[in-house]
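[1] Here is a sequence with its predicted model. Questions after.
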Amino acid sequence: MQASLPLVAGLAALALGGCGLGKQSTLSPAGPVAQAQLSMFYESLAIMAVIFIVVAAVFVYSLIRFRARKTDTELPKQVHGSTALEIAWTLIPMIIIVILSISTVHYAFVLETPATGPDTVQVQVIGHQYWWEFRYPGTGVVTANQVHIPVGRKVNFSLQSADVVHSFWVPELGGKTDLIPGRTNTLWLEASKPGLYDGQCAQLCGPGHAYMKFTVLAQSSAAYHQWLRHMERDTVQVSTPLERAGLALFQQDCATCHTIHGTPFDGKVGPNLTALMQRPTIAAGTLPDTTQGLTAWLHDPPAVKPGAKMPDLGLSRSQIRSLVAFLQTLK
Ligand code: CUA
């Protein structure tokens, strides 16, 4: 009992930390895809449980029934091979695998077939080391690391990569599907209730992999369309001298890599920063989108996120202050 305490504590920590209910848990589905995937998990779990119980029972029975006894004077009958047994333990696993694969293969086809109908939404996803780009075809809207979707409508995600293999995964909504350079994969998801769902790159893609997160904001259809319109308007309005200094600095140091809708800045290397302040985090979920977060990021990006393509620009404190002031006008 004493020895098992650390084990129990460890398992509890794993259950609460890594796989607990809540954020980034496949056990709390918030849409039909995640629900279907969870059902498949339970189906496999039930089959595995039956196998475990049968094997454990046979094992325990054999341990007791075929124990060497004090009265035994010679070896039990020695046998080599059993055709019936060989056939049984080849066929039974095959049948189990076929049963398990039926729903898996079925859902693999269902999920990768783009949803149709007038209500479906299209979102183009481009994976970068180490951030996510989201484009809304038919509009000029491009954003990064936070994708807005309407509740109760199927969203077709077309998945592409700008560099290496990434994997698109929103545990509470469904997934995961790889983003492979040179091809387009598809996946549809649907959120059945409003909320902010955490996503994560699920394919080791370099030193910044663990910092390649994003959020899905599922909102009412009206709020979603209002957001799209908001993103398309000309956004930049600087008023204070500090903000104006930041704007000038942005033009000089940042505009080759970043786009801001409504300005001449149209760099394509880094994330599109239009309405940056609407996002809960920056640097793909690494830092909060606050004065402190922006300051820490601008001070030394690769120190915050290993492998980040944005270099340490060697900005002074006052330069960072003005840039942060300007970035915070992007609402
Ligand atoms: Cu992208 Cu891991």
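    Here it is on my side, so go on.
[2] pretty sure residue 158 is in a strand, no?
    Yes - assessed by DSSP: H, G, I helix; E, B strand; the rest coil, residue 158 belongs to a strand.
[3] how about stretch 206-221: buried residues?
    Buried residues in stretch 206-221, counted by 16 or more other CB atoms under 10 Å: 208-209, 211-219. C-beta coordinates here come from the backbone N, C-alpha and C atoms, glycine included.
[4] Help me see whether that stretch makes contact with the ligand, please.
    Yes - under the criterion of CB under 6 Å from any ligand atom, the ligand is reached by stretch 206-221 at 209, 212.
[5] What's the mean pLDDT across that stretch?
    The pLDDT scores in stretch 206-221 average 95.
[6] so how far is that stretch from its chain's centroid?
    Relative to the chain's own centre, stretch 206-221 is displaced by 6 Å; criterion: CA atoms, centre = their mean, to the nearest Å.
[7] The ligand contacts on the stretch 1-150 of the chain?
    Contacts of the stretch 1-150 of the chain with the ligand, taken as CB under 6 Å from any ligand atom, map to 127, 130.
[8] Low-confidence bits of the stretch 1-150 of the chain, can you list those?
    For the stretch 1-150 of the chain, applying pLDDT under 70 flags the ranges 1-22.
[9] Show me where it has its strands.
    In the stretch 1-150 of the chain, the strands defined using DSSP state E, counting those that start in this stretch lie at 121-128, 131-135, 142-144, 146-150.
[10] for these, which one sits closest to residue 324?
    Nearest of the strands of the stretch 1-150 of the chain to residue 324, taken as CB to CB: strand 142-144 at 17.9 Å.
[11] so what does that closest one touch, helix or strand wise?
    Counting contacts by 3 or more CB pairs under 8 Å, 6 or more residues apart in numbering; DSSP states H and E, strand 142-144 packs against strand 131-135.
[12] tell me the angle the strand it packs on makes with strand 121-128.
    Strand 131-135 and strand 121-128 are oriented at 150 degrees to each other (axes from the mean of the first three to the mean of the last three CA atoms, to 10 degrees).
[13] Could you tell me the angle between strand 131-135 and strand 146-150?
    Using the same axes, to 10 degrees: strand 131-135 against strand 146-150 is 40 degrees.
[14] which other residues reach stretch 283-303?
    The contact list for stretch 283-303 (CB atoms under 8 Å, 6 or more residues apart in numbering) reads 130-132, 144-145, 198, 211-215, 276-277, 279-282, 304-305, 308, 310-313, 315, 320-321, 323-324, 327-328.
[15] Report the buried members of those residues.
    Buried by 16+ other CB under 10 Å: 130-132, 144-145, 198, 211-215, 276, 279, 281-282, 304-305, 308, 310, 315, 320-321, 323-324, 327-328, out of the contacts of stretch 283-303.
[16] So which of those belong to strands?
    131-132, 144, 198, 213-215, 281-282 (DSSP state E).
[17] Just give me the closest of those to residue 41.
    Nearest member of these to residue 41, counting by CB to CB, is residue 198, at 19.0 Å.
[18] Which single residue in the stretch 51-200 of the chain comes nearest to the ligand?
    Using CB to the nearest ligand atom, residue 166 is the residue of the stretch 51-200 of the chain that sits closest to the ligand, at 3.5 Å.
[19] mind giving me JSON lines with the buried residues of stretch 206-221 and columns for distance to residue 27?
    Shown next, in JSON lines, are the buried residues of stretch 206-221 (distance: CB to CB, whole Å):
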{"residue": "208", "distance to residue 27": "28"}
{"residue": "209", "distance to residue 27": "23"}
{"residue": "211", "distance to residue 27": "24"}
{"residue": "212", "distance to residue 27": "23"}
{"residue": "213", "distance to residue 27": "19"}
{"residue": "214", "distance to residue 27": "21"}
{"residue": "215", "distance to residue 27": "19"}
{"residue": "216", "distance to residue 27": "18"}
{"residue": "217", "distance to residue 27": "22"}
{"residue": "218", "distance to residue 27": "19"}
{"residue": "219", "distance to residue 27": "24"}
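[20] Out of the residues you listed, which comes closest to residue 261?
    residue 217 (18.3 Å).
[21] List the beta-bridge partners for the closest one.
    Beta bridges link residue 217 to residue 148, residue 196, judged by DSSP bridges.
[22] quick one: contacts for it?
    Residue 217 neighbours (CB under 8 Å, 6+ apart): 146-149, 195-197.
[23] And the lengthiest helix in the chain, what does it pack against?
    Criterion DSSP state H: the longest helix present in the chain is helix 32-65. With contacts taken as 3+ CB pairs under 8 Å, 6+ apart, helix 32-65 sits against helix 83-112, strand 174-179.
[24] Need the winner for burial among the ones you listed.
    Highest mean neighbour count among the helices and strands packed on helix 32-65 (mean count of other CB atoms under 10 Å): strand 174-179, with a mean of 22.
[25] Show the model's pLDDT score for residue 236.
    pLDDT recorded at residue 236 is 82.
[26] Could you report the distance from it to residue 323?
    According to CB to CB, to the nearest Å, residue 236 and residue 323 sit 14 Å apart.
[27] again with residue 125
    Distance from residue 125 to residue 323, counting by CB to CB: 28 Å.
[28] Great, nothing more from me.
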